[in-house]
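J.: sequence and predicted structure, then a few things I'm wondering about:
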Amino acid sequence: MIFITVKWQIKPEYADRWPELSREFTEATRAEPGNKWFDWSRSLDNPNEYVLVEAFADDAAAAHVNADHFKKAQADFPQYLQKTPDIINATLDQDTWSELGEMKVG
């Protein structure tokens, strides 16, 4: 699978509204064939930073970046951002999350 983590620095005046501003893009991406997850979190240390953790089947990445909602986000999102988002993109030899064995429950 393709595993992606993106750090988004949102302009302070839009940070509280970011979930609403990104909702259409988020919902459309989650509905894509091959999307495994697409989850936003807000930093506990920086209220203007959101972290996006996403994963796709290996053959779904091209469709994602060529989708109409992705192109719309490319045009719309920069006005809300302090800087270009930082990304880590990796192909992993697994299809879902693994358990954190060091914190085994039960």
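T.: Perfect, I can see it now. Residues are numbered from 1 along each chain as shown.
J.: can you classify the residue nearest the centre of the chain by secondary structure?
T.: Nearest residue to the geometric centre of the chain (Cα atoms, centre = their mean): L52, 3.2 Å. Three-state call for L52 (DSSP: H, G, I helix; E, B strand; the rest coil): strand.
J.: now swap in V65 and tell me
T.: helix.
J.: what about it, distance to T26?
T.: 16 Å (Cβ to Cβ, to the nearest Å). To be clear about C-beta, it is placed using only N, CA and C from the backbone, and glycine gets the same treatment.
J.: same check on D39?
T.: For D39 relative to T26 (Cβ to Cβ), the value is 9 Å.
J.: more crowded one of the two?
T.: T26 (18 against 11; other Cβ atoms under 10 Å).
J.: by mean pLDDT, point me to the weakest helix or strand of the protein.
T.: helix 61-66 (a mean of 90; mean pLDDT, DSSP states H and E).
J.: gap between that one and the chain center?
T.: Centroid separation between helix 61-66 and its chain, computed with Cα atoms, centre = their mean, to the nearest Å, is 14 Å.
J.: what comes into contact with the next helix or strand after it?
T.: Note on helix 61-66: by DSSP states H and E, the next helix or strand toward the C-terminus is helix 68-76. With contacts defined as Cβ atoms under 8 Å, 6 or more residues apart in numbering, helix 68-76 is touched by S22, E24, F25, A28, T29, H64.
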